[in-house]
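Trainee: Fold the following for me, if possible:
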Amino acid sequence: MGEIHPNLQQQLDTTEPLIAVELDTQALLDLVPDQTAFVPFSLFPPVRRDLSVVAPLLTPYEMIARTLRAAGGKDLESVSLIDLYQGEKIGADRKSLTVTLLFRNKEKTLADADIEKIMQKIISDLEKKCEATLRK
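Mentor: Here you go, the predicted model:
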């Protein structure tokens, strides 16, 4: 990449600076996968749960999300932050986060008992690893 020589700019009858770029398109194409992977969608319905926790202000959301994903296991399909609150109601050194958890099993419909077991593990791990507690 570089600016075109002033003599060539005069020949092109322009006073604006011109930039020339050379791209190796083959190198770019080599970065694209040959095939798009198809992941079949599940025939079983998702289960959605919202979870509100209070955590130390300096605990990064990514740490909380990582803990959620690890504790949720293979049935936790997605984690989405939907609310973040900081204010005097929960303390100056704390924050409240609300996340939506989407669960789905590829082989069966998840029962409430299945979800409750996973949620208990999630809450326990958040307390141990992130010092986060359920918001009351």
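
Trainee: Can you list the buried residues in the longest helix that the chain contains?
Mentor: Longest helix in the chain by number of residues (criterion: DSSP state H): helix 112-130. Using 16 or more other C-beta atoms under 10 Å as the test for burial, helix 112-130 gives Ile115, Ile118, Met119, Ile122, Ile123, Asp125, Leu126, Cys130. (Each C-beta comes from the backbone N, C-alpha and C, glycine too.)

Trainee: where does Ser42 land in three-state SS?
Mentor: Following DSSP: H, G, I helix; E, B strand; the rest coil, Ser42 is assigned to coil.

Trainee: Okay, strands next: where are they in the chain?
Mentor: For the chain, the strands defined by DSSP state E occupy 2-3, 19-20, 47-56, 76-85, 94-103, 133-134.

Trainee: out of those, nearest to Pro40?
Mentor: strand 76-85 (13.9 Å; C-beta to C-beta).

Trainee: Alpha carbons only: can I get the closest one in CSV?
Mentor: The C-alpha trace of strand 76-85 is given here as CSV (Å, rounded to 0.1, in the frame of the first residue of the first chain):
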residue,chain,number,x,y,z
LEU,A,76,-26.5,-24.8,28.6
GLU,A,77,-26.9,-23.4,25.0
SER,A,78,-26.4,-19.7,25.6
VAL,A,79,-25.8,-17.0,28.2
SER,A,80,-26.9,-13.4,27.7
LEU,A,81,-26.4,-10.5,29.9
ILE,A,82,-29.7,-8.6,30.1
ASP,A,83,-29.2,-6.1,32.9
LEU,A,84,-26.4,-4.6,34.9
TYR,A,85,-27.2,-2.4,38.0
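
Trainee: Just want to check the distance between Val39 and Ile64.
Mentor: Separation of Val39 from Ile64 (C-beta to C-beta, to the nearest Å): 26 Å.

Trainee: higher neighbour count, these two?
Mentor: The neighbour comparison of Val39 against Ile64 (other C-beta atoms under 10 Å) goes to Ile64, with 20 against 6.
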